[in-house]
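Participant: Structure for this input, please:
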Amino acid sequence: MKTSIRKQMTIIFIGLIVGMFLLNYLINTFFLEDYYSMRKQQVLVDAYEKLNENITDEGRMTDKQVQEFEDICNRNNISFIVTDENYNRLIWTDPVYSSMDYSRLIGARLNGYGIGIDTVDEDSILAKNDKYTIQKKFDSEVGTNYLEMWGVLDKGFRFLMRINMDSIRDSVQISNEFIKYICVFGMILAGIMVMIITNRVTKPIAELTELSKRMADLDFNAKYTSGGENEIGQLGKHFNQMSEKLEKAYSQLLTANNELQKDIEKKEKIDDMRKEFLSNVSHELKTPIALIQGYAEGLQECVNDDAESRAFYCDVIMDEASKMNGLVQKLLTLNQLEFGNDQVVMERFDLTDLIRNKLQSIEILAQQKDAKITFEATEEQYVWADEFKVEEILTNYLSNALNHVDGERKIMVTTEDRGDVIRTTVFNTGANIPEADLGLIWDKFYKVDKARTREYGGSGVGLSIVKAIMESFHQQYGVENCENGVAFWFELKSEKGQQGV
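Facilitator: Residues are numbered from 1 along each chain as shown. Take a look at the predicted model:
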């Protein structure tokens, strides 16, 4: 995704953090010295007020007042001198790092300001009133820039205080260098933290995006799993509820759609099916009825008086009656399918599980036929169809395979995922079906080998039932001759195939 929320949030937050660090660095570079100078101006004013308040008419302060004033000066690196009107030193301080008589130097500077020898550059003046002047000054004697304050106290004494500005610049440079390293480290650390945080925040959103995409493709197995009690967690729960309701609605829609398609075709088939049904039933029932009638008349006329013969006649009658009953049941089932009286309920189920259960139920029949049935599918394969009718298809295919298995006597059931559909194949070893008969075996009452069909009690209706069911599903089915046997197959709409509808 080219414009994912995660990328956008990461870029925005990292941009904000980088911008804040960069802004801090620029402010520190271009404004810290001026801010520092402004603060030091206030320090000079505070020191001036303290001095002006405590000095006596004789130009003296108590030891305690002197100590307090010097503490202020020492904390702020202030050098000062106070003189009488003749510029005689009264109070002063020398910097500890100076090897010269520093009080004489600043005293001379004060004297120069007073008598006008030392000029003041108007551009360097920061503040000025009738009591004092604050200015920036480069002292060529010591080669240092200073912030100076000089003037006259209320008691008439002259004073000069100065703060070394070069130390301020050094502090600013050191501070800028330190902040630069902090900015680089902070941006790297912030970038890592932003990526971690945005990943945690956007992960459930990304899951909801993928979930919505899968739901749009009708993948109803998609569920929100990240949990949470916040708004995103509640949204995920609502997505899960919506998925369940959509699956139910979609199942009902598929069922209704199948019913609609059947109704369209139903009227066109009714007349032809009725005629064909009556013709085939009368033909199919003629033989067993004739046998029952013949053997019943034989019993009535006592053709054979021995008990064994009578029992044989009775067995034939019962066997033919049973076959007729089975045929009638199949015809009723086929009739319901073809006339649309049997509703097709489209539902989603696991085809693999259905096949496995069906094979277990016919295991005894396979043993009686001395046949080996194999089915190797293990993964779940979900399809959309009427599960009961699919079981009927499997029953007819497997019954047909058991009745015709020969040679190696193997029956193999396989499933193949073909994208939109799942193809199920039931293969049995044995003789091939003649090519001329391949297209006819789905017709009602059609028998390739009538003698053999009669032998195992087949009616020729089973594959017609398969045909009717598959046509009600609107899906493909068929039969193929293989090198050593015959393979019957049918296709059902897969879960992912149905999502594309």
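
Participant: Double-check residue 409 against residue 371; I have them as touching.
Facilitator: Yes: the pair residue 409 / residue 371 is scored as a contact, 4.8 Å apart, by C-beta atoms under 8 Å. C-beta here means a position set from N, CA and C on the backbone, and glycine is covered the same way.

Participant: Please identify which of those two sits among more neighbours.
Facilitator: residue 371 (19 against 15; other C-beta atoms under 10 Å).

Participant: Tell me where this structure has strands.
Facilitator: Along the chain, counting by DSSP state E, strands occupy 78-83, 89-92, 125-128, 132-139, 144-152, 158-164, 347-350, 372-375, 382-385, 410-417, 421-429, 477-482, 485-494.

Participant: Quickly run through the sheet partners of the third one, with directions.
Facilitator: This points to strand 125-128. strand 132-139 (antiparallel) (DSSP bridges).

Participant: And the contacts of the strand it pairs with?
Facilitator: Contacts with strand 132-139, where a contact means C-beta atoms under 8 Å, 6 or more residues apart in numbering, come from 37, 41, 44-45, 48, 109, 120-121, 124-128, 144-152, 159, 162, 165.

Participant: tell me which residues in stretch 380-389 are buried?
Facilitator: 381, 382, 383, 384, 385, 386, 387, 389 (16 or more other C-beta atoms under 10 Å).

Participant: does the third one have beta-bridge partners, and which?
Facilitator: Beta-bridge pairing of residue 383, defined through DSSP bridges, involves residue 349, residue 494.

Participant: Low-confidence bits of the stretch 1-150 of the chain, can you list those?
Facilitator: The stretch 1-150 of the chain contains residues with pLDDT under 70 at 1-10, 89-103, 115-120, 142.

Participant: mind redoing it with 80?
Facilitator: The stretch 1-150 of the chain contains residues with pLDDT under 80 at 1-34, 36-37, 85-123, 139-144.

Participant: Tell me where it has helices.
Facilitator: With helices called from DSSP state H, counting those that start in this stretch, the stretch 1-150 of the chain shows them at 5-54, 63-75, 102-115.

Participant: any idea where the helices of the stretch 351-500 of the chain begin and end?
Facilitator: With DSSP H, counting those that start in this stretch, the ranges of helices along the stretch 351-500 of the chain come out as 351-361, 363-368, 387-404, 450-456, 462-473, 495-499.

Participant: Now do the buried residues in the first one.
Facilitator: This points to helix 351-361. So for helix 351-361, counting by 16+ other C-beta under 10 Å, buried means 351, 352, 354, 355, 358, 359.

Participant: would JSON lines of those residues with pLDDT and distance to residue 248 be doable?
Facilitator: JSON lines is the format used below for the buried residues of helix 351-361 (pLDDT from 0 to 100; distance: C-beta to C-beta, whole Å):
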{"residue": "351", "pLDDT": "94", "distance to residue 248": "21"}
{"residue": "352", "pLDDT": "93", "distance to residue 248": "23"}
{"residue": "354", "pLDDT": "93", "distance to residue 248": "21"}
{"residue": "355", "pLDDT": "94", "distance to residue 248": "26"}
{"residue": "358", "pLDDT": "90", "distance to residue 248": "27"}
{"residue": "359", "pLDDT": "92", "distance to residue 248": "31"}
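
Participant: Burial check on residue 223, number of neighbours?
Facilitator: Residue 223: 13 neighbours (other C-beta under 10 Å).

Participant: Near residue 154, how many other residues are there?
Facilitator: With other C-beta under 10 Å as criterion, residue 154 counts 9.

Participant: tell me the contacts of it?
Facilitator: 52, 131.

Participant: Can you tell me how far it is from residue 126?
Facilitator: 22 Å (C-beta to C-beta, to the nearest Å).
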